[in-house]
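Novice: 3D model of this:
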Amino acid sequence: MSSNPETDATAGLLDSTSVMRSYLDLIETNMNLSTVRSLALKTIAHPQIFCGFDEFKTCCSQLLLTQQGQPQTTAASNSLFNTLDLFSFGTLNDYQKQGESTGQPEAEHYLPLNEPALAKLRQLTVLTCIQKACFDGKTRISYDVVAEALGLTTDTMQDEGISFDATTATTTTTTTTAIRDVEDVIVQCLYADVLKGKLCQKTRTFGWQGECLPVVSSRDIPPTLIPSLLSELQGLGRRLEESGIEVTQAQEQVTQGLQDTAQYWKNVRNQKKTTTKDGSNSSGGGGDNAVARSIFGENSGGTQGNFWHESSGAGGSGRSRSTKRSRGGMSGNFLMDAGKRI
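Specialist: This next block holds a predicted model:
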């Protein structure tokens, strides 16, 4: 079956919440901390899960409560929760600076991450950068910004007039490697269906102008942004309500205009029918009277009436005799003229 291009163009991004649901169902009350940590590592390394880690943390918190109702505060549980927070709304720089906020770099601030988990964290970092650019109203992001977030070095090339030496060659190699690393991470996001856009190697940017919204998959929301998000949603609700009132008023105006137009044309048709009926009545009466006058005259006692009676009586005989005489005269004259000619 052939796919619809319009449907494919407007298709949404990957819904990783449905994939996370299967892992949330695995959390049972009889799981111990070690099992939960293993399940968490599988979750963060899953190639199709990019959000829902905060919900996983909530389930783990309820699971790891003691019988007295107090949460466990062991180092193992703290590293688990810190790792889930990292994948919820953190970046790769946060992972690289692990332990600095506590002043104990040697402590296990996060769970040890394998290569698939680190690759997932890089992709989440790219999503955060592009999401911030979208909030700022941009439609393009530079490789340098992404490389900085990923902890890569993208020193720009020196002026073209400098002489070639080992330092320049090293800088060129480092820059090329960083660009390729940035492009690799972005391409992974594109293949994972959590990002929309196009790479431009000439300008060393990634753009998403003209793409169907949204262009980036949403991550978990940090707790600090929840009040502002609620405020934005309330403002959006008020604007939608005002727009709904305006639309209702516009619909009422349109309906009233249609009704007035229909009534106007109805009156026009009725007036036309009335005018046509009056015209037919007046023309029909005049025709009958004219026929009657031509046959019977204006009245029975008038001159035309007398003429009618004369033509039907003696007057008719006189005309017949005169007609015969005129015919005789005509024939006699004709014979006389004929004799003369002869």
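Novice: what's the neighbour count on residue 61?
Specialist: Residue 61 sits with 15 neighbouring residues when counted by other Cβ atoms under 10 Å. The C-beta positions use only the backbone N, C-alpha and C, and glycine is treated the same way.
Novice: let me redo that: residue 227
Specialist: Using other Cβ under 10 Å: residue 227 sits among 9 other residues.
Novice: distance of it from residue 234?
Specialist: 11 Å (Cβ to Cβ, to the nearest Å).
Novice: okay, residue 169: pLDDT?
Specialist: Listed pLDDT for residue 169 reads 47.
Novice: Apart from its neighbours in sequence, what residue is nearest residue 13?
Specialist: Counting by Cβ to Cβ, 6 or more residues apart in numbering, residue 13 lies nearest to residue 217, which is 4.4 Å off, once chain neighbours are set aside.
Novice: Tabulate the CA atom coordinates of stretch 20-40 in PDB.
Specialist: Extracted C-alpha coordinates of stretch 20-40, given in PDB (Å, rounded to 0.1, in the frame of the first residue of the first chain):
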ATOM      1  CA  MET A  20       8.600   3.600  28.500                       C
ATOM      2  CA  ARG A  21       5.200   2.200  29.600                       C
ATOM      3  CA  SER A  22       6.400  -1.400  29.200                       C
ATOM      4  CA  TYR A  23       9.300  -0.700  31.600                       C
ATOM      5  CA  LEU A  24       7.100   1.100  34.100                       C
ATOM      6  CA  ASP A  25       4.900  -2.000  34.200                       C
ATOM      7  CA  LEU A  26       7.900  -4.100  35.100                       C
ATOM      8  CA  ILE A  27       8.400  -2.300  38.400                       C
ATOM      9  CA  GLU A  28       6.900  -4.400  41.100                       C
ATOM     10  CA  THR A  29       6.700  -4.000  44.800                       C
ATOM     11  CA  ASN A  30       9.100  -7.000  45.400                       C
ATOM     12  CA  MET A  31      12.000  -5.500  43.400                       C
ATOM     13  CA  ASN A  32      15.100  -4.700  45.300                       C
ATOM     14  CA  LEU A  33      17.400  -1.700  44.700                       C
ATOM     15  CA  SER A  34      19.800  -3.700  42.600                       C
ATOM     16  CA  THR A  35      17.100  -4.900  40.200                       C
ATOM     17  CA  VAL A  36      15.700  -1.400  39.900                       C
ATOM     18  CA  ARG A  37      19.200   0.000  39.000                       C
ATOM     19  CA  SER A  38      19.600  -2.700  36.300                       C
ATOM     20  CA  LEU A  39      16.200  -1.900  34.900                       C
ATOM     21  CA  ALA A  40      17.000   1.900  35.000                       C
END
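Novice: For that stretch, what does the pLDDT average out to?
Specialist: 85.
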